[in-house]
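Engineer: prediction below, plus the sequence it came from.
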Amino acid sequence: MARYDYTAQLEGAERFVDRPDGTRLRTVSLGDGGRTVLLAHGYGATADEWNLVAPLLAEQGVRVIAFDQRGHGRSSIGSNGIGSMQMASDYGAILDAYDVVDGVLVGHSMGGFLALAFLLDDQSTATQRVKSLFLMATFAGDVNRKNPQNRLQIPLIQSGILLRLLGIGAIARAFTRSLVGEGFEPEMSDAFTTQFRGSDHSKLVPILRALVEEDRYDRLGELSLPCTIIVGSRDKTTPPFHTADLHAGISDSKLVSIAGKGHLLNWEAPKEVAQEIGLLAAT
């Protein structure tokens with residue numbers, strides 16, 4: 001029996017944030033604490049990836065906002081299309097729409113890559129809205145570096161082949177298993193593939209290219225805010241050398257490694273993740 005209901009929808013107040021190019025960003029908020037945590041999910045997922053972490057944070061007395069990234073879930077793609085610039089600017093729009101002050105920005109995988117792009121490329125907005133940063137199983141670019149798994153999987157996603165193959169249960173389980181460390185549960189596969197197959201990946205190719213081709217490691221020294229970096233020791237998608245480089249580049253950072261866990265820490269270790277986010281929010 002699964003430990004959790006990984007397929008549960010994230011419950012909260014739903015709101016859409018409209019962008020000038022016609023993009024509509026679906027957001028879900030819960031909790032009413034004095035500090036706000038903005039949760040940004042990874043590639044191919046939705047706000048529902050936070051279905052275990054967000055309620056734990058709300059119980060700690062913080063306001064939580066999660067959203068579907070542009071082109072994911074129920075968020076649309078406007079005339080400006082997809083890319084790191086467009087998607088990073090969406091972070092600022094959501095923070096502005098909710099009038100966040102001294103917020104904690106949380107980014108998982110692609111969500112962390114875009115959080116770094118937002119903080120580095122839109123510093124005027126970021127410094128007004130964000131006080132601290134939480135990077136989970138993520139990277140600052142060059143995601144194919146020393147990574148045969150990504151070199152195989154990303155082209156399969158870009159070509160549309162993987163999306164078709166995920167209709168086969170055994171392949172869907174194998175794909176999800178590649179994202180998870182010890183303690184894989186079949187129910188994780190059902191939840192992840194449901195989210196992953198809900199987006200039109202043919203329209204998301206530009207952001208996949210950005211994950212591979214863009215690199216902001218040499219700019220990490222520009223960041224001057226408290227930062228917690230968390231990684232699973234068995235993460236094969238964004239291996240621990242990425243988070244080691246993030247930790248080395250961000251001066252005011254703390255590195256946390258969770259033994260035996262993989263890339264989906266939101267489901268593999270939700271209590272540990274929520275605890276570390278809560279500690280950051282309390283500072």
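Structural biologist: All right, it came through fine. Residues are numbered from 1 along each chain as shown.
Engineer: so where is the stretch 1-150 of the chain shaky, pLDDT-wise?
Structural biologist: Counting by pLDDT under 70, the low-confidence segments of the stretch 1-150 of the chain come to 1.
Engineer: go ahead and confirm residue 171 touches residue 165.
Structural biologist: Yes: because the distance of 4.7 Å satisfies CB atoms under 8 Å, residue 171 is recorded as touching residue 165. Just so you know, the C-beta spots here come from the backbone N, C-alpha and C atoms, and that holds for glycine as well.
Engineer: give the buried residues for whichever strand or helix holds residue 114.
Structural biologist: For residue 114, the host element (DSSP states H and E) is helix 110-121. For helix 110-121, the neighbour count (16 or more other CB atoms under 10 Å) marks 110-120 as buried.
Engineer: what helices or strands is the next helix or strand after that helix leaning on?
Structural biologist: With elements assigned by DSSP H and E, the helix or strand that comes after helix 110-121 is helix 123-129. Packing partners of helix 123-129 (3 or more CB pairs under 8 Å, 6 or more residues apart in numbering; DSSP states H and E): helix 84-97, helix 110-121.
Engineer: go with 10 Å
Structural biologist: Packing contacts for helix 123-129, counted by 3 or more CB pairs under 10 Å, 6 or more residues apart in numbering; DSSP states H and E, involve helix 84-97, strand 103-108, helix 110-121.
Engineer: compare these and give me the one nearest residue 137.
Structural biologist: Nearest of the helices and strands packed on helix 123-129 to residue 137, taken as CB to CB: strand 103-108 at 6.0 Å.
Engineer: for that closest one, C-alpha coordinates in PDB please.
Structural biologist: Listed next in PDB are the C-alpha coordinates belonging to strand 103-108 (Å, rounded to 0.1, in the frame of the first residue of the first chain):
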ATOM      1  CA  GLY A 103       8.700  35.700   0.200                       C
ATOM      2  CA  VAL A 104      10.400  32.300  -0.100                       C
ATOM      3  CA  LEU A 105      10.900  31.200  -3.700                       C
ATOM      4  CA  VAL A 106      11.000  27.400  -4.100                       C
ATOM      5  CA  GLY A 107      12.000  25.800  -7.300                       C
ATOM      6  CA  HIS A 108      12.100  22.100  -8.200                       C
END
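Engineer: helices of the stretch 151-283 of the chain, start to end?
Structural biologist: Along the stretch 151-283 of the chain, the segments classed as helices by DSSP state H, counting those that start in this stretch run 161-165, 169-177, 186-196, 205-213, 240-249, 265-268, 270-282.
Engineer: burial count for residue 127?
Structural biologist: 12 (other CB atoms under 10 Å).
Engineer: which residues sit against stretch 117-129?
Structural biologist: Taking contacts as CB atoms under 10 Å, 6 or more residues apart in numbering, the residues outside stretch 117-129 that touch it are 36, 38, 40, 83-85, 87-96, 98-103, 105, 107, 115, 130, 133, 140-141, 210, 214, 216, 219-220, 222-225, 227.
Engineer: which residues touch residue 168?
Structural biologist: Counting by CB under 10 Å, 6+ apart, the residues that residue 168 touches are 174-175.
Engineer: one more time with 7 Å
Structural biologist: Residue 168 makes contact with no residue, according to CB atoms under 7 Å, 6 or more residues apart in numbering.
Engineer: returning to what we had before: export the helix holding residue 114 as PDB, just CAs?
Structural biologist: Coordinates of the C-alpha atoms in helix 110-121 are reproduced here as PDB (Å, rounded to 0.1, in the frame of the first residue of the first chain):
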ATOM      1  CA  MET A 110      13.200  23.300 -14.100                       C
ATOM      2  CA  GLY A 111      11.400  25.400 -11.500                       C
ATOM      3  CA  GLY A 112      14.700  26.100  -9.800                       C
ATOM      4  CA  PHE A 113      16.500  26.800 -13.100                       C
ATOM      5  CA  LEU A 114      13.800  29.400 -13.800                       C
ATOM      6  CA  ALA A 115      14.000  30.800 -10.300                       C
ATOM      7  CA  LEU A 116      17.700  31.500 -10.800                       C
ATOM      8  CA  ALA A 117      16.900  33.100 -14.200                       C
ATOM      9  CA  PHE A 118      14.300  35.300 -12.500                       C
ATOM     10  CA  LEU A 119      16.600  36.300  -9.600                       C
ATOM     11  CA  LEU A 120      19.600  37.000 -11.900                       C
ATOM     12  CA  ASP A 121      17.800  38.600 -14.900                       C
END
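Engineer: thank you, goodbye.
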